[in-house]
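Enquirer: Just need the structure, nothing else, for what follows:
(one chain, ligands or ions: 2)
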Amino acid sequence: MSKQNRVGIMGGTFDPIHYGHLVTAEAARTYFNLDEVIFTPAGNPPHKKNYTVTPAEHRYLMTALAINSNPFFKVSRVEIDRTGYTYTIDTLRYFAREYEKDTSLFFISGADAVLDILTWKDVQEVLNMCTFIAATRPGYPMEKLKQKLQEIKKLYGKEVYPMEVTGMDISSTEIRRRVREKLSIKYLLPESVEMYIKKHGIYG
Ligand SMILES: Nc1ncnc2c1ncn2[C@@H]1O[C@H](COP(=O)(O)OP(=O)(O)OP(=O)(O)O)[C@@H](O)[C@H]1O
Ligand SMILES: O=C(O)c1ccc[n+]([C@@H]2O[C@H](COP(=O)([O-])O)[C@@H](O)[C@H]2O)c1
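Expert: Numbers count the residues shown, from 1 in each chain. Ligands and ions are numbered 1, 2, ... in the order given. Below you'll find the model as predicted:
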């Protein structure tokens with residue numbers, strides 16, 4: 001009998017990617033025994049309307065730099081090469097087609113994203129197609145998260161798995177603000193990404 005392949009998908013805008021994302025993906029890899037984690041920078045995220053998202057190619061390259069030192073991490077262009085708004089359901093359908101039949105997909109997300117999941121496109125199918133992981137994030141305590149997960153279970157009959165992650169109170173919003181205000185972003189994200197931001201004058 002062939003071994004089940006367990007593939008994690010870490011979705012995000014990654015504008016820019018930071019240690020909160022990387023720690024969460026690594027925690028999911030080890031807790032859920034994943035063979036790999038694929039980072040999928042969003043092309044045109046429908047929900048980030050309050051600011052102009054950095055061009056996808058920059059976000060893709062920053063993600064590639066950030067994951068370089070982890071042999072279990074990969075980055076995919078699937079969302080940035082797709083036209084129109086980026087929806088997770090399309091990404092799951094893509095990976096379900098790409099991989100062999102005996103592959104299980106896991107979608108890794110932070111607590112804030114899960115709290116919004118009822119607004120996602122085809123949410124029932126999203127939950128049917130993958131094991132959905134909800135990582136804690138500072139400011140989104142486990143209790144609040146668990147209540148939401150119960151609501152999801154009632155509405156969709158599907159379990160979303162909570163995962164406690166070492167709290168990293170880092171956000172891309174905060175990093176963008178710090179660059180704008182010429183404050184240090186050292187130790188919030190990999191040095192290679194910090195250098196890339198400087199070199200290309202992003203967020204400045
Ligand atoms: N510090 C963190 N700890 C745990 N999960 C996180 C953290 N930062 C982001 N995530 C999760 O990673 C995924 C991608 O997040 P995203 O790219 O929007 O980063 P962000 O820091 O939340 O960005 P922004 O501040 O621009 O909203 C989401 O599921 C989000 O919940
Ligand atoms: O599919 C949807 O309708 C949908 C709506 C909002 C967010 N998502 C996904 O959730 C992930 C985290 O989003 P964000 O905003 O925190 O970067 C990312 O992969 C998004 O594409 C997906």
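Enquirer: quick one, what contacts the residue nearest to Asn33 when sequence neighbours are not counted?
Expert: Take Asn33 and drop its neighbours on the chain: the residue closest to it by C-beta to C-beta, 6 or more residues apart in numbering is Arg6, 6.2 Å away. All C-beta atoms are positioned from the backbone trio N, CA, C, and that covers glycine. Applying C-beta atoms under 8 Å, 6 or more residues apart in numbering to Arg6 gives the contacts Phe32, Asn33, Leu34, Asp35, Thr103, Ser104, Phe106.
Enquirer: Run the chain-centre distance for stretch 164-183.
Expert: Averaging C-alpha positions (C-alpha atoms, centre = their mean, to the nearest Å) puts stretch 164-183 16 Å from its chain's average.
Enquirer: can you tell me if that stretch touches ligand 1.
Expert: Yes: contact of stretch 164-183 with ligand 1 (C-beta under 6 Å from any ligand atom) involves Val165, Met168, Ile170, Ser171, Ser172, Thr173.
Enquirer: wouldn't the fourth one be in contact with Gly20 here?
Expert: I take that to be Ser171. Yes: the criterion here is C-beta atoms under 8 Å, and Ser171 meets it with Gly20 at 7.0 Å.
Enquirer: Those two: which has the busier surroundings?
Expert: Gly20 (25 against 17; other C-beta atoms under 10 Å).
Enquirer: Can you tell me the SS state at the more buried one?
Expert: When classified by DSSP: H, G, I helix; E, B strand; the rest coil, Gly20 comes out as helix.
Enquirer: other SSEs contacting the helix or strand of the chain with the lowest mean pLDDT?
Expert: In the chain, the helix or strand scored least confidently by mean pLDDT, DSSP states H and E is helix 111-115, which has a mean of 90. Judged by 3 or more C-beta pairs under 8 Å, 6 or more residues apart in numbering; DSSP states H and E, helix 111-115 is in contact with strand 131-135, helix 142-156.
Enquirer: the helices in this protein, which residues?
Expert: Counting by DSSP state H, the chain has helices at residues 19-31, 56-67, 88-98, 111-115, 123-129, 142-156, 172-180, 191-200.
Enquirer: near ligand 2 at all, the third one?
Expert: Yes: residues of helix 88-98 contacting ligand 2 under C-beta under 6 Å from any ligand atom: Thr88, Ile89.
Enquirer: Quick one: distance of that helix to the chain centre.
Expert: 15 Å.
Enquirer: Tell me which other helices or strands it touches.
Expert: Counting by 3+ C-beta pairs under 8 Å, 6+ apart, helix 88-98 packs on strand 5-12, strand 103-110, helix 123-129.
Enquirer: Let me know the average pLDDT across that helix.
Expert: For helix 88-98, mean pLDDT rounds to 97.
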